[in-house]
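In: quick one, structure for this:
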Amino acid sequence: MRTTYITKPADVVRKWYVVDAAGQTLGRLSSEIAKVLRGKNKPIFSPSVDAGDYVIVVNAEKIAVTGKKLDQKEYLRHSAWVGSLKRIKLRDVLAKNPESVIERAVKGMLPKNNLGRQMLKKLFVYSGPDHVHAAQKPEPLSFPGI
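Out: Model (predicted):
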């Protein structure tokens, strides 16, 4: 007799949430978003099933960081050619493409496999206060303590 509940993909009911990133700290907000995308805030959480919800992040350009991260944090790219390491500072990324800052932070907190890539597709980030998902009737989501 099995008493442990095993989540099946058909049992998952997904909701849509909207998060305002204005004034929020990047790392703390990203970890809370990753929990919702993964489904860890639900009682039916299972590590092998994508039970997470959809998350819309608005005002990504107004995200806050602490300390000297604007000038010291760097994003690195490498094309596998000798001497092709590219560095770009957080301040420059926020000026050019503020959505990618939150996307990269959340991506680093999700599993590095097919399931994690599937979870990341449920994240929608917008630099301004408007989004195109009004038809899904997203509920506002706030995280106490951050």
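In: show me what the longest helix seen in the chain is packed up against.
Out: Counting by DSSP state H, the longest helix found in the chain is helix 26-38. Judged by 3 or more C-beta pairs under 8 Å, 6 or more residues apart in numbering; DSSP states H and E, helix 26-38 is in contact with strand 16-20, strand 54-58, helix 98-107, helix 114-120. (Each C-beta comes from the backbone N, C-alpha and C, glycine too.)
In: could you check it and say which residues are buried?
Out: For helix 26-38, a neighbour-count test (16 or more other C-beta atoms under 10 Å) marks 26, 29-38 as buried.
In: equivalent analysis for stretch 137-145, please.
Out: In stretch 137-145, counting by 16+ other C-beta under 10 Å, buried: 138, 141.
In: do the same with stretch 3-20
Out: For stretch 3-20, the neighbour count (16+ other C-beta under 10 Å) marks 7, 12, 16-20 as buried.
In: distance of residue 89 from residue 79?
Out: Relative to residue 79, residue 89 is positioned 19 Å away (C-beta to C-beta, to the nearest Å).
In: can you get me the start-to-end distance on stretch 56-66?
Out: 23 Å (C-alpha to C-alpha, to the nearest Å).
In: averaged pLDDT, it. What do you get?
Out: For stretch 56-66, mean pLDDT is 97.
In: could I get the buried residue list for that stretch?
Out: 56-63, 65.
In: just name the most buried of the helices and strands packed on helix 26-38.
Out: Among these, the stretch with the highest mean neighbour count (mean count of other C-beta atoms under 10 Å) is strand 54-58, at a mean of 22.
In: quick one: strands adjacent to that strand?
Out: strand 16-20 (parallel), strand 123-125 (parallel) (DSSP bridges).
In: just put the ones you listed in TSV and tack on mean pLDDT.
Out: Shown next, in TSV, are those (pLDDT from 0 to 100):
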stretch	mean pLDDT
strand 16-20	97
strand 123-125	98
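In: can I get those in JSON lines with distance to residue 83?
Out: As requested, the strands paired with strand 54-58 are exported to JSON lines (distance: least, C-beta to C-beta, whole Å):
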{"stretch": "strand 16-20", "distance to residue 83": "40"}
{"stretch": "strand 123-125", "distance to residue 83": "32"}
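In: so which of the ones you listed is nearest residue 47?
Out: With C-beta to C-beta, the closest approach to residue 47 among these belongs to strand 123-125: 18.9 Å.
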